[in-house]
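In: generate coordinates for the sequence data below:
(chains A and B)
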Amino acid sequence: MPPKIARLYIHNYRCFVNFELRPGARSLLIGYNGSGKSSILDVLSAIQDLAVWNKEVTEAFPGDTVAKFSGSTEQRFEIDVESDSGTFRYALLVTHDLERREAVISSEEITLDGKPLYRFADKEVQLYRDDHTPERSPFSFSPRRSFLASLEPKSTTTKVSWLRSFLQNIWVLRLDPSRMVALSRSDNDVFLARDASNFASWCRSLLQEEPDSLERAREPLGEVIAGFLHLRAQTAGRAKVLVAKFAYPGGTTYDLDFDLLSDGQKTLIVLYVLLHSVLRRATVLCLDEPDNFVSIREIQPFLVALSDIADETGTQVLLISHSAEVIDYIGTSEAIVLERPDGGHTRVSAIANGGPLRLSERMARGWHVAS
Amino acid sequence: MSRPEVRVIVIYEDRAHDSFLRKLVKKLRLEPVRFEKCGDSTGVLRRLGREVDALRSEKHQRNLGLVACIDADEKGLRGRTMELTQRIESDARDGGRTEAERIALVVPALEIESWYVHLCFPSARPVDEGRDYKPSAEWRQLAKDLGAASRRAIDGWQPAPDPSDLPSMAAARVELARVA
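Out: Prediction:
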């Protein structure tokens, strides 16, 4: 069974109070503007920033993320990950000093089927071996960062490392083609920014490390972008420029710098390259409105390709979209409706099934929530 | 000489259909134009006439076809196939389907879950087309990872008619041959 996030719990973060989400292998988050869809992905990003990328907790969870209406300064987050080894739980408690604009980690824990693997509390770390016996005596650590980000892989603590690796391979992307540039100064940019603004640099390293993935993306891109042939990094002084090669119907070819492409073309290229590279190593792929900028005809072929590859790799997919194309393709069985009745905190509501209208049509009328 | 590319619109009920049909279409080397998930059998029946009209309006595209997939459920293979045929007659502007039209009516019996179990678990054969396999241990195991299940199922789908085919699978092969 491929590992997946079975449950996400969020308390006192923006519009979430005592909120629980249970995503499936592929889930579509739907709801009106401000219902908290993107904030769910922000929580996953923030946990990753803290526990993997070593960001300070104040930076990962700024004070302005505390829910305005809760009256508490403590935020709690839990991620349950189902795997062949059992159910892992990552639990984090963050306490804010709103006046000083500082936050600390009050506790951070990893358990497997309820048994301890890692615990940080009272400024002390306790690591446990895979058999849940203490690895060594507790030791002091700063409450401003997660010790997990500094954890060295060891043969006795493979399960903690496995969970950290799972968190590391959650990809959260909210593409912004207007910020994507063609110029890259480094061929060592192995991390793609969440808005893909550094796509050219990242792609350059991909061309060196995984040229096959770009090759795999070439054919489907040729089908959705008329005349598209391939991408290449062209030398420009000390830097390189990402260039897309096209062919006219007669066969004559021409090059276009990546940033001269339309927003839709840039988005399609990023999406298909992601499918054929990232999706093969991601544990969870979260895409926030990937259909933005993409023409209606190109949306379903992308969704079908995404579904095919996710079926093959077992990657969990979490999508956010307002597009009728996406909503109706994914359908009622895999959609999760977020609602904020009367502007209060977010809750998950059941979808109203049946009737002659499609889900997108029911949504447009406000009839998608079961009463 | 390779055959011209056949492009199809596929209408069906739900996620279990979607996962199966996406891979079956690929295996049969058909080019999907559009997948339309209709939610349930009522949704497929409601949509069928419109899709037949749309197909006929594009008759200059001779390589275009329609695959409609709907579970037999309690109506049985024959009853459901008849219902689909009658639905085209009543809802499509130009009446029932003709022999020359690339329209395939695929009716898994009792439902697509029966096909998954048959194709993924040879040990569970003979699969009873009158039995609901949704509560079975085999289906519950498959449903945990539908992507992997549909891969296994389509791997088990023989390219030519097979003596082990369920009656509804054999009927589906005849239907799909109309399109391909």
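In: CA only for contacts and neighbour counts going forward, please
Out: Will do.
In: the helices in chain B, which residues?
Out: B:15-27, B:41-57, B:76-91, B:112-120, B:137-143, B:146-156, B:167-179 (DSSP state H).
In: near chain B, which residues of the stretch 1-150 of chain A?
Out: Residues of the stretch 1-150 of chain A found near chain B (CA under 8 Å from any CA of the partner chain) are A:1-2, A:25.
In: any low-confidence regions in chain B?
Out: B:1-4 (pLDDT under 70).
In: and residue B:144, how many residues sit next to it?
Out: 14 (other CA atoms under 10 Å in any protein chain shown).
In: quick check: it vs residue A:56, distance?
Out: In this structure, residue B:144 and residue A:56 are 37 Å apart, going by CA to CA, to the nearest Å.
In: what is the burial count for residue A:85?
Out: Each residue near residue A:85 was counted by other CA under 10 Å, and the total is 11.
In: please report how far it lies from residue A:165.
Out: Taking CA to CA, one finds residue A:85 at 15 Å from residue A:165.
In: returning to what we had before: any chance of the helices of chain B in TSV, plus distance to residue A:269?
Out: Converted to TSV, those look like this (distance: least, CA to CA, whole Å):
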stretch	distance to residue A:269
helix B:15-27	23
helix B:41-57	31
helix B:76-91	41
helix B:112-120	35
helix B:137-143	33
helix B:146-156	25
helix B:167-179	33
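In: between those helices, which one is closest to chain A.
Out: Chain A sits nearest to helix B:146-156 of all the helices of chain B, at 3.9 Å, using CA to the nearest CA.
In: just name the most buried of the helices of chain B.
Out: Comparing the helices of chain B by mean neighbour count (mean count of other CA atoms under 10 Å in any protein chain shown), helix B:112-120 ranks first with a mean of 24.
In: what is it packed up against?
Out: Helix B:112-120 sits against helix B:15-27, helix B:137-143, helix B:146-156, with contacts defined as 3 or more CA pairs under 8 Å, 6 or more residues apart in numbering or on different chains; DSSP states H and E.
In: buried stuff in the top helix by length along chain A?
Out: The helix that spans the most residues within chain A, counting by DSSP H, is helix A:296-313. For helix A:296-313, the neighbour count (16 or more other CA atoms under 10 Å in any protein chain shown) marks A:298-311, A:313 as buried.
In: which strands and helices sit next to it?
Out: Under the contact definition 3+ CA pairs under 8 Å, 6+ apart, helix A:296-313 sits against helix A:263-276, helix A:324-330, helix B:15-27, helix B:146-156.
In: report the inter-axis angle for that helix versus helix A:263-276.
Out: 10 degrees (axes from the mean of the first three to the mean of the last three CA atoms, to 10 degrees).
In: between helix A:296-313 and helix B:15-27, how big is the angle?
Out: 90 degrees.
In: related to what we said a few turns ago, want to throw the helices and strands packed on helix A:296-313 into TSV with distance to residue B:139?
Out: Formatted as TSV, the helices and strands packed on helix A:296-313 follow (distance: least, CA to CA, whole Å):
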stretch	distance to residue B:139
helix A:263-276	29
helix A:324-330	21
helix B:15-27	11
helix B:146-156	9
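In: and of those, who's closest to residue A:34?
Out: helix A:324-330 (17.9 Å; CA to CA).
In: can you list the residues of chain B near chain A?
Out: Counting by CA under 8 Å from any CA, chain B sits next to chain A at B:14-15, B:22-23, B:34-39, B:43, B:46, B:144-148, B:151.
In: elements contacting the helix or strand encompassing residue A:317?
Out: Residue A:317 belongs to strand A:316-320 when assigned by DSSP states H and E. Helices and strands touching strand A:316-320, by 3+ CA pairs under 8 Å, 6+ apart, are strand A:26-30, strand A:284-288.
In: now those as a markdown table including mean pLDDT?
Out: A markdown table is the format used below for the helices and strands packed on strand A:316-320 (pLDDT from 0 to 100):
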| stretch | mean pLDDT |
| --- | --- |
| strand A:26-30 | 96 |
| strand A:284-288 | 97 |
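In: picking that back up, now, among the buried residues of helix A:296-313, which is nearest to residue B:95?
Out: Within the set of the buried residues of helix A:296-313, residue A:300 lies nearest residue B:95; the separation is 30.0 Å, counting by CA to CA.
In: setting aside sequence neighbours, what's the nearest residue to the closest one?
Out: Counting by CA to CA, 6 or more residues apart in numbering or on different chains, the nearest residue to residue A:300 once its immediate chain neighbours are dropped is residue A:325, at 6.8 Å.
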